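Participant: Sequence and predicted structure below; questions after.
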There are 2 protein chains.
Amino acid sequence: MYERIRNIREDRDMTQSQMAEYLRIHQTTYSDYEIGKLNIPVQVLDKIADLFETSIDYLVNRTDVEIPYPLKK
Amino acid sequence: MYERIRNIREDRDMTQSQMAEYLRIHQTTYSDYEIGKLNIPVQVLDKIADLFETSIDYLVNRTDVEIPYPLKK
DNA sequence: ATATTTTAAGGGAATATCCCTTAAAAGTCA
DNA sequence: TGACTTTTAAGGGATATTCCCTTAAAATAT
């Protein structure tokens, strides 16, 4: 389901535990997100997009453009 | 919270009931989303972005660029 | 091979979701 | 202005989902 998030994470050499720590959630919860067992809250997508300097649209596979629009603030 | 979604909806002269019908949810649920009483699932944001031809990033206030990213498919 | 690291399954208490009814607010027009 | 209509939001509850825990499985390293 969220294949793209998994791919970016692996590209950047991060483990699920590191992601979980960054997001302040449990590793198993993060795993549930990647697998698609749980819906990823938009707040989480927001932080992942920040971390990987991309857009939520890219993360959820709405676009293939990886570079984000200019961010606010 | 989701001021921007409300604004676009009003710009396009749509009522909450019309949005709810499009999204196949109840009007009160849609209201809860706009108010920020409930988290908007990404699937819903996806459909709203489609309807208004913009990006999820714009809807959730990550960017001020209103045009959508090049879409997939 | 086995020890270590990383990821995923099972399960349950706590929480959030979604919708219902209905109330409040906003808009219409005589 | 007041009655009427339309639109939006509050209260509340059954149900579904979330999040984390423990632990197992899978992958990786030594």
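Facilitator: All right, it came through fine.
Participant: Phi first, then psi, for residue A:71.
Facilitator: phi -80, psi 160 (degrees, to the nearest 10).
Participant: now do residue A:63
Facilitator: phi -140, psi 160.
Participant: number of nearby residues for it?
Facilitator: Number of residues near residue A:63 (other Cβ atoms under 10 Å in any protein chain shown) recorded here: 20. Using the backbone N, CA and C atoms, a C-beta is placed for each residue, glycine as well.
Participant: Also residue A:53?
Facilitator: 10.
Participant: With residue A:71 instead?
Facilitator: Counted with other Cβ under 10 Å, residue A:71 comes out at 14.
Participant: hey, what's it bridged with?
Facilitator: With beta bridges defined as DSSP bridges, residue A:71 has these partners: residue B:63.
Participant: Point to the residue nearest the middle of chain A.
Facilitator: residue A:48 (4.0 Å; Cα atoms, centre = their mean).
Participant: Identify the residues contacting that residue.
Facilitator: Residues near residue A:48 by Cβ atoms under 8 Å, 6 or more residues apart in numbering or on different chains: A:5, A:19, A:23, A:59.
Participant: That one - that's part of a strand, no?
Facilitator: No. Read with DSSP: H, G, I helix; E, B strand; the rest coil, residue A:48 is helix and lies in no strand.
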